[in-house]
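# Provide a 3D model corresponding to the input given below.
(one chain, ligands or ions: 1)
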Amino acid sequence: MKINTTTLAKDFIKENVKSGDIVIDATMGRGNDTLFLRQLVGEKGFIYAFDIQEEALQATKNRLIENNLYNNVSLILDGHQNLDKYIKQNNISCVVFNFGYLPRASHNIATKPDTSILAIEKSLQVLKVKGVVSLCVYQGGDTGFEEKEVILNFVKNLDCNKYTVIVSEFFNRPNYPPIHIKIIKEI
Ligand SMILES: C[S@@+](CC[C@H](N)C(=O)[O-])C[C@H]1O[C@@H](n2cnc3c(N)ncnc32)[C@H](O)[C@@H]1O
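Residues are numbered from 1 along each chain as shown. From the prediction side, this is the model:
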């Protein structure tokens, strides 16, 4: 299989999440990332997962049950911009964002630039040192380019002494493929 944004994100997450870690899936969707994170953190870890759609919660719950992994996870029906209501510690190893809309559902319910930025800011607060944020950002199509521009502008201005930011894009592929952004908290 050719490398794509999902494989880039998974490799980055796998490099940075180990058994026993506490992590966040900021956009649960149909549970692919929640399941992947649950496999990585194992029986001693924990996952907080957010989505604003009940359909996403149910799909994710079913996905975990099918895989016998519906434990050590809190599925939260709320926006990721409110994550500080639920997460009071600052020992999170990894926060995963996969922006956009729920596949096979309404394209009108999607992540929005202002709440996405608030959620990234709050994620950085709860990360431990050397913790990471993985961002898959879509462009063009239904969601347009606005969210991508706003997110790129935000991460570009993060203090380089505190955070390392790496942006990956498939430069010679057509149709505006999603980009991947890695953030590493350095101090
Ligand atoms: C592309 S999907 C995520 C895919 C998912 N990570 C997976 O593995 O299947 C984006 C999700 O973000 C959710 N979403 C939109 N706004 C949100 C918000 N403010 N907080 C949390 N989730 C949100 C949508 O409902 C949708 O399910």
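# residue contacts, whichever residue of the chain sits closest to the ligand?
Closest residue of the chain to the ligand, CB to the nearest ligand atom: residue 29 (2.4 Å). The way it works is simple: take the backbone N, C-alpha and C, and place the C-beta from them, glycine included. Counting by CB atoms under 8 Å, 6 or more residues apart in numbering, residue 29 touches 51, 56, 59, 60, 98, 102, 103.
# need the buried ones from those residues selected in PyMOL.
This is how PyMOL selects the buried members of the contacts of residue 29, with burial counted by 16 or more other CB atoms under 10 Å:
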select buried, resi 51+56+59+60+98+102
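# can you tell me which of the contacts of residue 29 lies closest to residue 153?
Distance to residue 153 across the contacts of residue 29 (CB to CB) is lowest for residue 98, with 19.9 Å.
# what does this structure put close to the ligand?
27, 29-33, 50-53, 56, 79-81, 98, 100-102, 109-111, 115 (CB under 6 Å from any ligand atom).
# list buried residues within those.
Counted by 16+ other CB under 10 Å, those give 27, 29-33, 50-53, 56, 79-81, 98, 100-102, 110-111 as buried.
# ok so, going back, among the contacts of residue 29, which lie within strands?
51, 98 (DSSP state E).
# could you identify the most distant pair in the contacts of residue 29?
59 and 98 (13.7 Å).
# and residue 124, helix, strand or coil?
Following DSSP: H, G, I helix; E, B strand; the rest coil, residue 124 is assigned to helix.
# just checking, it touches residue 135?
No: with contact defined as CB atoms under 8 Å, residue 124 and residue 135 do not form a contacting pair (11.7 Å).
# which residues are in contact with both of those two?
Counting by CB under 8 Å, 6+ apart, the contacts common to residue 124 and residue 135 are residue 183.
# longest strand anywhere in the protein?
strand 127-137.
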